[in-house]
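[1] below: sequence and its predicted model.
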Amino acid sequence: MFPKFVLISDPRTPLTGTFVYGMVGQHKELVEGYVKVHGGGWYDKDDIAKTITLYGGSGDYGEPRLAFLNRIPKALKDYRFFYTPIHGLPGNELPLDDVEWF
């Protein structure tokens, strides 16, 4: 099991992406039902520093299209999100001003 994420949209709201994450073997295990997947990758979650660093890409769905990072679970509201294409490189902080916390 590995820390992976995907960005998905429901067909009724195709321009609104939802962050789905978990410990899985393959990214497709995070996808349920009929949805559009906007890529994915891996994540590092630091509960002490309250940060999540997204990195890499999904072998199943490709690189994450971060413009679809519109909805994030409420459990992560106090976290700062970063993105780096390669694990271990410093990440850029992602703006979360317009994110819906659900």
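    Received the coordinates, thanks.
[2] quick one: the strands in this protein?
    2-9, 18-24, 36-46, 51-55, 71-72, 80-84, 92-93, 100-101 (DSSP state E).
[3] relative to Pro64, which of these is closest?
    Closest to Pro64 of the strands of the chain, according to Cβ to Cβ: strand 36-46, at 4.0 Å. Bear in mind the C-beta positions are built from the backbone N, C-alpha and C, glycine included.
[4] might you calculate how far that closest one sits from the centre of the chain?
    Here strand 36-46 is found 4 Å from its chain centre; the criterion is Cα atoms, centre = their mean, to the nearest Å.
[5] packing partners for that strand?
    Packing contacts for strand 36-46, counted by 3 or more Cβ pairs under 8 Å, 6 or more residues apart in numbering; DSSP states H and E, involve strand 2-9, strand 51-55.
[6] measure the nearest residue to Trp42 once chain neighbours are set aside to Pro11 for me?
    Nearest non-adjacent residue to Trp42, counting by Cβ to Cβ, 6 or more residues apart in numbering: Gly56, 4.7 Å away. Look at Gly56 and Pro11: by Cβ to Cβ, to the nearest Å, they are 27 Å apart.
[7] between the two, who's got more neighbours?
    Counting neighbours by other Cβ atoms under 10 Å for Gly56 and for Pro11 shows that Gly56 has the greater number, 18 against 9.
[8] measure Tyr43 to Val6 for me?
    11 Å.
[9] looking at those two, which one has more neighbours?
    Val6 (27 against 21).
[10] what pLDDT does that one get?
    Listed pLDDT for Val6 reads 98.
[11] hmm, back to that, got a list of what the residue nearest to Trp42 touches?
    By Cβ atoms under 8 Å, 6 or more residues apart in numbering, the residues touching Gly56 are Gly41, Trp42, Pro85, Ile86, His87.
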